[in-house]
Each structure stands twice: as structure tokens, then as C-alpha cells.
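Asks: My questions are about this predicted structure, shown below with the sequence.
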Amino acid sequence: GAVVSQHPSWVICKSGTSVKIECRSLDFQATTMFWYRQFPKQSLMLMATSNEGSKATYEQGVEKDKFLINHASLTLSTLTVTSAHPEDSSFYICSARYSPTGGVETQYFGPGTRLLVL
Amino acid sequence: AQSVTQLDSHVSVSEGTPVLLRCNYSSSYSPSLFWYVQHPNKGLQLLLKYTSAATLVKGINGFEAEFKKSETSFHLTKPSAHMSDAAEYFCVVGGGYNKLIFGAGTRLAVHP
């Protein structure tokens, strides 16, 4: 249980185009999902918190107009990188908060999406 | 504010020998602590979590961690390393608003 998927796993795009990344919780509902960015050989940096049915909360320094987040259902959040540039090339990882009845909340992570902007 | 420090950026062990990955945390309240593992070009897998129950937490794949409040530590151990344990390990503390705060990571290398 508690599986999170991401699609696509790899994407290569031209500079100036937009790219959409999907994050799905497959066997549980997640009112809250998180988007992280990871540069090579570095730790994860939280970009934003995605809340179902409301606006995302962005971390300081993250451009909300560049990284559009939509959490339209309890199992799907999307991250759209608008007008992508080479500096946006990175590994993007989502997580979903799982709150089992009587249990402890835990974040489960997707497998990540590697974005390369040419 | 919460923070976490992983004391070693790289750890190298021989197969069959013990593993120790060190982590210290800072938290203004009783923390939730986690260890995640990341294999190359993969997402993160939860190894174990501490949430104020037993101080010795057992995880998957033979890993365990001990919460020591007096030392503000949450070190990860395994009695006998396996080649498949080679990966990046992240110590994580739960921050406010359900956020996770990641350490810088420790790369574990396992040699035959």
C-alpha cells in the first residue's frame, strides 16, 4: 500500500516550452502533496505544498508563476514548468501525505521525474 | 525551528561489516524523525520512522535507528552491510505544517 507514481519518468524538451508532471497516489487519498527539486548529488529542496481544492503554498524563492501546481483531486497533483529553460533541468520528486486511521502520518515519495531542457 | 545534520557525507564499509550513519537533529518540540534511502536515479523509500513511541526503531532491510534525546541523535545502523545497501541515505525531521526537512545526505559505499 501507499504507492505514489509520477509521469513521465523522463522528459526532454526545448527551451521555452512548458512541461507537465503528474503525481498520483495510487491506493490512498492525499489531501496534501509536496513537490521537491533535487540537483545532482544534493539533497531534496521543498518547492511547494499542494493542497487539494486550494492554492499551493510555495517556499521562499520559488516562482509560483513558473512552477504551476494544480491539485484537482484527492489522488492527483500536477506540476507545470512554464517556459522551461536549461537551468530548470533537474530531478523533480513528489510526495503524498498518507494519514492512516489510528496510525501515524507519513510521506510517501514518487519515483521522480528527470527533466532536461535543451 | 527544526534542522537536521548528517555528520558524514560519505561512508565506506566492507560487505558483511556493520553500518553506522550519523544524524543529529534540532527541534523545538518532540520531533518526528525518518530515514529514507535513495538508489541512483530513483525516488525515496522510507526505511523507518520515529514518532515518540519506542526509542529503538526497527525498519526494513535490517536497518534500525535509536532516538537519543540527550544527544539529539538518531543514528542509523545495520549489523551487516550488503552490496545492495549502497545508496544515498537521508535523515529527515518533520517540520511544521507537515513539511519534511532533509539532511544533506550520506552516500554509503559497500565494497566486496
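Replies: Arrived safely. Numbers count the residues shown, from 1 in each chain, chains lettered A, B, ... in the order given.
Asks: Is it correct that residue B:19 is in contact with residue B:77?
Replies: Yes. With contact defined as CB atoms under 8 Å, residue B:19 reaches residue B:77; the gap is 6.2 Å. Bear in mind the C-beta positions are built from the backbone N, C-alpha and C, glycine included.
Asks: which of these two has more neighbours?
Replies: Using other CB atoms under 10 Å in any protein chain shown, the more surrounded residue of residue B:19 and residue B:77 is residue B:19, with 19 against 14.
Asks: how much space between the more buried one and chain A?
Replies: Separation of residue B:19 from chain A (CB to the nearest CB, to the nearest Å): 20 Å.
Asks: got the contact list for that residue?
Replies: By CB atoms under 8 Å, 6 or more residues apart in numbering or on different chains, residue B:19 lies in contact with B:11, B:13, B:63, B:76-78, B:81, B:85, B:108.
Asks: now the strands: where do they sit in chain B?
Replies: Here chain B has its strands, by DSSP state E, at B:3-6, B:10-14, B:19-21, B:23-26, B:33-38, B:44-50, B:56-58, B:64-68, B:73-78, B:87-94, B:100-102, B:106-111.
Asks: Mind putting these into a markdown table with distance to residue A:79 and mean pLDDT?
Replies: As requested, the strands of chain B are exported to a markdown table (distance: least, CB to CB, whole Å; pLDDT from 0 to 100):
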| stretch | distance to residue A:79 | mean pLDDT |
| --- | --- | --- |
| strand B:3-6 | 25 | 93 |
| strand B:10-14 | 31 | 97 |
| strand B:19-21 | 31 | 98 |
| strand B:23-26 | 29 | 95 |
| strand B:33-38 | 19 | 94 |
| strand B:44-50 | 17 | 91 |
| strand B:56-58 | 32 | 94 |
| strand B:64-68 | 31 | 95 |
| strand B:73-78 | 30 | 98 |
| strand B:87-94 | 21 | 94 |
| strand B:100-102 | 17 | 89 |
| strand B:106-111 | 27 | 96 |
